[in-house]
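J.: Any chance you could fold what I've pasted below:
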Amino acid sequence: MTVTTEAPRRDAAAVGTVATTLDAAGVPLSALLQEPDRTPPRAVIVALHGGGMRAGYFDGRAHPDVSLLRLGARLGYSVLAVDRPGYGRSAARFPQGRTLAEQSALLHAALADFARRYPVGAGFHLLGHSYGGKLALTAAAEDGDSTTPRVLGVDVSGCGHRYADDAVDAGGRIRRVPWTWNWGALRFYPPDTFRSSAAIVSAMPEQEVAEAARWPRLFRGIAARIRVPVRFTFAQSESWWRHDEAATAELSAAFPRAPQVVIDRQPDSGHNLSLGWAARSYHLRALGFFEQCLGAPEIQLAQAPLAVG
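T.: Next comes the predicted model:
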């Protein structure tokens, strides 16, 4: 299949944000993009949404402060929020969804296409929420194709390595849980959040639902292969994941090759961090982490101009 990559379409509801399509080895992946104004990007932040959401999760409309795309672009980054395989333009192609390994391969192909058409600066930062965090980790573990700009760091929210006891049944299957597990207290969100978010909610593909239960078994092998800095953020009212001291110590120890593992906590927030009042604070912390990744000696060396003479 040949994908016609669309010229970016400007979204009048969010000045500077454009809708575009990436060619993932013949599979069209829809995405939202915002670039810095009149300057090349320092790097590209690739934002990966969770289950049952879409790329617009990172460009919330309830209040200007919640948009990662706007904030990242103002601070010199291109921000690319991708509809994961099975969502958006690829939903008809993959009605049952794709496994994490399959999504990772498609994402790498899509990023290679993006790099051919847009400046990427030092490379890609991966920022994933919930199921998108699982994909960000998987993609970082499988990074290494020299034809694609490198992954520089991974920032994950709403995802850990061990589900909370109440999240799974005796057979390890994911339970149906109250809506408050995904949102927390209503006061955590701007007043118009639920109405404005209706357009970004999507059915979670069956294959994702099935694979979610296997994540604790998949995680250790994925984490062991990651060689870039990793940061996890747990919301104050995060209910899906264990994030007590013992669990976070075990989580940090699972990355023997990562040069840095950061565990952070976000006060006054629920699972859907990037849609709440805490979004700006969380996004600034993530951007600060990515700045540290850019300052790593190996990145500075790669960016340094060659001496002449």
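
J.: Give me the three-state assignment for H283.
T.: On the three-state scheme (DSSP: H, G, I helix; E, B strand; the rest coil), H283 is labelled helix.

J.: surely it meets G72?
T.: Yes: look at H283 against G72 with Cβ atoms under 8 Å: they come within range, at 7.3 Å. For glycine as for every other residue, the C-beta is placed from the backbone atoms N, C-alpha and C.

J.: hey, where'd the helices end up in the stretch 151-300 of the chain?
T.: Assigned by DSSP state H, counting those that start in this stretch, the stretch 151-300 of the chain shows helices spanning 180-183, 193-196, 206-212, 215-223, 245-253, 279-294, 297-303.

J.: Which positions in the longest one come out as buried?
T.: Which is helix 279-294. The neighbour-count check on helix 279-294 (16 or more other Cβ atoms under 10 Å) flags 279-283, 285-287, 289-291, 293-294 as buried.

J.: Just say helix, strand or coil for the most centrally placed residue in the chain.
T.: Nearest to the geometric centre of the chain sits G128, at 2.0 Å (Cα atoms, centre = their mean). Assigned by three-state DSSP, the conformation of G128 is strand.

J.: Wait, it touches L48, no?
T.: Yes: judged on Cβ under 8 Å, G128 makes contact with L48 at a distance of 4.1 Å.

J.: Surely A81 is within a helix?
T.: No: according to three-state DSSP, A81 belongs to no helix; its state is strand.

J.: Let me see the contact set for it.
T.: 31-33, 47-49, 55-59, 68-69 (Cβ atoms under 8 Å, 6 or more residues apart in numbering).

J.: One more pass at 6 Å, please.
T.: L32, A47, A55, F58 (Cβ atoms under 6 Å, 6 or more residues apart in numbering).

J.: Make CSV out of those and add secondary structure.
T.: Output for these, formatted as CSV (three-state DSSP):
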residue, secondary structure
L32, strand
A47, strand
A55, helix
F58, helix
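
J.: Can you name the two of the residues you listed that sit furthest apart?
T.: The two members of these with the most space between them (Cβ to Cβ) are L32 and A47, at 8.5 Å.

J.: got the angle for the longest helix along the chain vs helix 215-223?
T.: Determined from DSSP state H, the single longest helix within the chain is helix 100-117. Calculated by axes from the mean of the first three to the mean of the last three Cα atoms, to 10 degrees, helix 100-117 forms an angle of 50 degrees with helix 215-223.
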